[in-house]
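>>> Generate coordinates for the sequence data below:
(chains A and B)
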Amino acid sequence: GGIITQTPKFLIGQEGQKLTLKCQQNFNHDTMYWYRQDSGKGLRLIYYSITENDLQKGDLSEGYDASREKKSSFSLTVTSAQKNEMAVFLCASRPRGSQNTLYFGAGTRLSVL
Amino acid sequence: GDSVTQTEGPVTVSESESLIINCTYSATSIAYPNLFWYVRYPGEGLQLLLKVITAGQKGSSRGFEATYNKETTSFHLQKASVQESDSAVYYCALGRSGSWQLIFGSGTQLTVMP
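As a prediction, this is how the structure comes out:
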């Protein structure tokens, strides 16, 4: 089996700081996703990538950049952290033809002071 | 728009009791939605519990069942007898066949007391 590894597990930032979250998968999946989860809310899609070097915006892309330079990795950048922001960022990947079966990483928990 | 609404948590039940977590969906822009239940156990990543891609069908896994009801736009998750190990957060999700995106509900925290 494969695994999705997100780093770091916990990220503490300062207001206005640029922060980068990383995701690696060894499933050899084509499509990768970044979701954001806020307390009491569902997962909201930030960016996804259908293949290497592809980027597609989700509903929540404002304030974020993403990069898919290799098939196995997908990074997300918070361009300017907002004060008191707290959320969990989930990376996922999907095999071709899987009818939306996603495989998720354990998440990165962000806190902004 | 398209959305998913599920039972607000937290939900607490005793071991061996029955469970139902409600999920209803709105799929105004999706002609043939696919429906999913994902689960996150403590300390683990979110994972697929079960899925149904055809209306009227039932999916099952680990003793859980959910039936895709197009008439009532529902996909409720049920289990006849829960165990302490079922304690987790459960997410209902909606997807469009062939699409890259899933729409998730807000999650239901379930605690099963011994």
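>>> Tell me who's in contact with the closest residue to residue B:14 other than its chain neighbours.
Spatial nearest neighbour of residue B:14, chain neighbours left out: residue B:113 (5.0 Å); criterion: Cβ to Cβ, 6 or more residues apart in numbering or on different chains. All C-beta atoms are positioned from the backbone trio N, CA, C, and that covers glycine. By Cβ atoms under 8 Å, 6 or more residues apart in numbering or on different chains, the contact set of residue B:113 is B:12, B:13, B:14, B:15, B:84.
>>> Quick check on residue B:113: phi, psi?
Backbone torsions of residue B:113, given as degrees, to the nearest 10, read phi -90, psi 140.
>>> so what strands line up beside the lowest-mean-pLDDT helix or strand in chain B?
Lowest by mean pLDDT, DSSP states H and E among the helices and strands of chain B is strand B:102-104, with a mean of 89. If you go by DSSP bridges, strand B:102-104 pairs up with strand B:88-96 (antiparallel).
>>> list the buried ones in the strand it pairs with?
For strand B:88-96, burial by neighbour count (16 or more other Cβ atoms under 10 Å in any protein chain shown) applies to B:88, B:89, B:90, B:91, B:92, B:93, B:94, B:95, B:96.
>>> in chain A, which strand has the most residues?
The residue-count maximum for a strand in chain A (DSSP state E) belongs to strand A:86-94.
>>> Paired strands for that one, with orientation please.
Using DSSP bridges, the strands paired with strand A:86-94 are strand A:31-37 (antiparallel), strand A:103-104 (antiparallel), strand A:108-112 (antiparallel).
>>> could you dump it to PDB, C-alpha only?
Extracted as PDB, the C-alpha positions of strand A:86-94 are listed here (Å, rounded to 0.1, in the frame of the first residue of the first chain):
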ATOM      1  CA  MET A  86      -6.700  28.200  13.000                       C
ATOM      2  CA  ALA A  87      -7.400  25.400  10.600                       C
ATOM      3  CA  VAL A  88      -6.400  21.900   9.500                       C
ATOM      4  CA  PHE A  89      -5.100  21.500   5.900                       C
ATOM      5  CA  LEU A  90      -5.700  18.100   4.400                       C
ATOM      6  CA  CYS A  91      -3.900  16.800   1.300                       C
ATOM      7  CA  ALA A  92      -5.400  14.000  -0.700                       C
ATOM      8  CA  SER A  93      -4.800  12.000  -3.800                       C
ATOM      9  CA  ARG A  94      -7.000  10.100  -6.200                       C
END
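>>> With respect to residue B:46, which of the strands paired with strand A:86-94 lies nearest?
Nearest of the strands paired with strand A:86-94 to residue B:46, taken as Cβ to Cβ: strand A:103-104 at 3.9 Å.
>>> what about that closest one, distance to the chain center?
A distance of 11 Å separates the centroid of the chain from that of strand A:103-104, by Cα atoms, centre = their mean, to the nearest Å.
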